[in-house]
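>>> Below are the sequence and a predicted model for it; my questions follow.
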Amino acid sequence: MDKYGLIGNVSEKVNKAYEYAKDVYNSYGVNTDEILEKMKSIRISLHCWQGDDVAGFEKLSEGVSGGGIMATGNYPGRARNGDELRQDIEKAMELIPGKHKINLHAMYAETGNTYVERDKLEVSHFSKWVDWAKSKGIGIDFNPTFFAHKMADSGFTLSNKDKAIREFWIEHGKRCRKIAAEIGKELGIPCVNNVWIPDGSKDFTVSRLEHRLILKDALDEVFSEKYDRNYLLDAVESKLFGIGSETYVVGSHEFYMSYALTRDVMICLDAGHFHPTESIADKISSILSFNKSLLLHVSRGVRWDSDHVVVLNDETLAIAQEIKRSNAFDKVYIALDFFDASINRITAWVVGTRAALKSILISLLEPTELLLKEELAGNLGNRLALMEELKTLPFGAVWDKFCLDNNVPVGAAWLNDIKEYEEKVLSKR
Ligand code: RNT
Ligand code: ZN
């Protein structure tokens, strides 16, 4: 096979299949045209760090970054600077239906030929990103970078017992919130600023409480400045364990749950940050019972790695279903977090984002009212039977229609674009 994709008149074929799918969904009371409209409003935050193996532009660390974050593989064509990274993200966005956001880390600052320390960063160091996002009409999310830095070498940043180290990171955290708020204001789209720190240790730690109390106070300082929520939305991300912090992580789930609820910031649930059999899907409705919003890092944990490329599997689908069933697409901020350097990096972005969008589409196509009706009537056999039937409805035809309407390749045809881009651009790097 020379090229991927449907042979012949693609739009004619997609529209024909869509007409049938429309009838099928209609028989369950679902209007697919309305769902396609709703899909247009879904924004996924595309993480820039998939494009360069979480290396950043500081030139302190090439390829591998500390803090238990490690991209494995050496597929050719890694983006080496802002222009290359933006070019690659643009390519990915051409192959992903809908309008989305870009998720930046502080280490993607562009500071010319001078190194700017993390506690000295300003919004001007991100002006290229902001101008670019403006020209595309997309929003930006942000993250302070608490890893891959000499001040993080001890394994402790905001929870460090050394005041000087702690204050360095507090200042970094404060500056990043200011930068994020300015980005949000400039773009007119709220900027989600997510705090994740690597703090923890490999083996039995005695002063567990002390580090947590220090972290609590340090975070209070980071969050002391109040910003307009139309510009900045704060989040804190928990983790169970990391590479090199297997026994103790200061920012555990319980720690951040309590923090988020008492400080009125969002908690960020990363799908790869829990026990392998623990799903974040069921946590969504629990958190929404107490907090008005939350942030998700959609990822795929595999054994000890929390960051494999997202695919359309039961877990990803369950997350989308929970948001749909809680009617919370306006309360749940969806970001992606994975990095794979062993395959074409743009392929990784496109696979993961398309999979996340497919799971959202499937969840929106669910006749939730019907399921609820059976549940309410106590007919749990019907509820189960319907759920089984729904699994084989022709959502693929609706997905293809969504791609067609949004001018992105249908089916696997996007792989032809990747091949061409690899030949013309990536192989020359
Ligand atoms: C690490 C966290 C965090 C990072 C990014 C790069 O375990 O998941 O979100 O992956 O900030
Ligand atoms: Zn994450």
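Alright, I've got the coordinates. Computed from a predicted model, the values in this text were never measured in an experiment. Ligands and ions are numbered 1, 2, ... in the order given.

>>> Quick one: name the residues of the stretch 201-350 of the chain near ligand 1.
With C-beta under 6 Å from any ligand atom as the criterion, the stretch 201-350 of the chain meets ligand 1 at residues 237, 239, 270, 297, 306, 337. For glycine as for every other residue, the C-beta is placed from the backbone atoms N, C-alpha and C.

>>> now, which of those residues sits nearest Thr32?
Using C-beta to C-beta, His297 comes nearest to Thr32 of these, at 29.6 Å.

>>> Using the three-state scheme, assign that closest one.
Under the three-state scheme (DSSP: H, G, I helix; E, B strand; the rest coil), His297 adopts strand.

>>> about what we covered before: for the residues of the stretch 201-350 of the chain next to ligand 1, give me JSON lines that also has secondary structure, pLDDT and distance to ligand 2.
Output for these, formatted as JSON lines (DSSP: H, G, I helix; E, B strand; the rest coil; pLDDT from 0 to 100; distance: C-beta to the ion, whole Å):
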{"residue": "Glu237", "secondary structure": "strand", "pLDDT": "98", "distance to ligand 2": "6"}
{"residue": "Lys239", "secondary structure": "coil", "pLDDT": "97", "distance to ligand 2": "8"}
{"residue": "Asp270", "secondary structure": "strand", "pLDDT": "98", "distance to ligand 2": "4"}
{"residue": "His297", "secondary structure": "strand", "pLDDT": "98", "distance to ligand 2": "4"}
{"residue": "Ser306", "secondary structure": "strand", "pLDDT": "87", "distance to ligand 2": "7"}
{"residue": "Asp337", "secondary structure": "coil", "pLDDT": "98", "distance to ligand 2": "4"}
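
>>> could you dump these to TSV with neighbour count?
What follows is those, written out as TSV (neighbours: other C-beta atoms under 10 Å):
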residue	neighbour count
Glu237	22
Lys239	24
Asp270	23
His297	26
Ser306	24
Asp337	27
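
>>> of those residues, closest to Lys185?
Glu237 (23.7 Å).

>>> Quick check: that closest one vs Asn379, distance?
In this view, Glu237 and Asn379 are 41 Å apart by C-beta to C-beta, to the nearest Å.

>>> and if you look at Thr114?
Thr114 is 68 Å from Asn379, where distance means C-beta to C-beta.

>>> do Phe329 as well
Phe329 sits 28 Å away from Asn379, going by C-beta to C-beta.

>>> Kindly report the same for Tyr259.
42 Å.

>>> Neighbour count: those two, which is higher?
A direct count of neighbours by other C-beta atoms under 10 Å for Tyr259 and Asn379 places Tyr259 higher, at 21 against 13.

>>> can you tell me the helix or strand for that one?
Counting by DSSP states H and E, the element that carries Tyr259 is helix 253-263.

>>> Does Ile35 touch Ser363 like I think?
No - using C-beta atoms under 8 Å, Ile35 makes no contact with Ser363, being 9.9 Å away.

>>> how distant is the helix or strand where Glu423 lies from the center of its chain?
Using DSSP H and E, Glu423 sits in helix 414-424. Mean-position distance between helix 414-424 and its chain equals 24 Å (C-alpha atoms, centre = their mean, to the nearest Å).

>>> SS state for Phe142?
Phe142 falls in the strand class when you classify it by three-state DSSP.

>>> what sits against it?
Contact analysis of Phe142 by C-beta atoms under 8 Å, 6 or more residues apart in numbering lists 103-106, 176, 179-180, 183, 191-194.

>>> give me the number of residues near the residue in the chain positioned nearest to ligand 1?
When distances are taken as C-beta to the nearest ligand atom, the chain reaches nearest to ligand 1 at Trp196, 4.2 Å away. By other C-beta under 10 Å, the residues close to Trp196 number 25.

>>> packing partners for the helix or strand where Ala181 lies?
Using DSSP H and E, Ala181 falls within helix 163-187. Applying 3 or more C-beta pairs under 8 Å, 6 or more residues apart in numbering; DSSP states H and E, one finds that helix 163-187 contacts helix 127-136, strand 139-143, strand 191-195, helix 208-222, strand 232-237.

>>> Check which element follows the third one along the chain.
Looking back up the chat, that one is strand 191-195. strand 200-201.

>>> Quick one: classify Tyr333 as helix, strand or coil.
Recorded secondary structure, Tyr333: strand (three-state DSSP).

>>> Run through the bridge partners of it.
On the basis of DSSP bridges, Tyr333 is bridged to Leu295.

>>> Show residues contacting the helix-or-strand element of the chain with minimal mean pLDDT.
Ranked by mean pLDDT, DSSP states H and E, the weakest helix or strand in the chain is strand 305-308, scoring a mean of 91. By C-beta under 8 Å, 6+ apart, the list of residues contacting strand 305-308 from outside reads 69, 239, 270-273, 299-302, 337-340.
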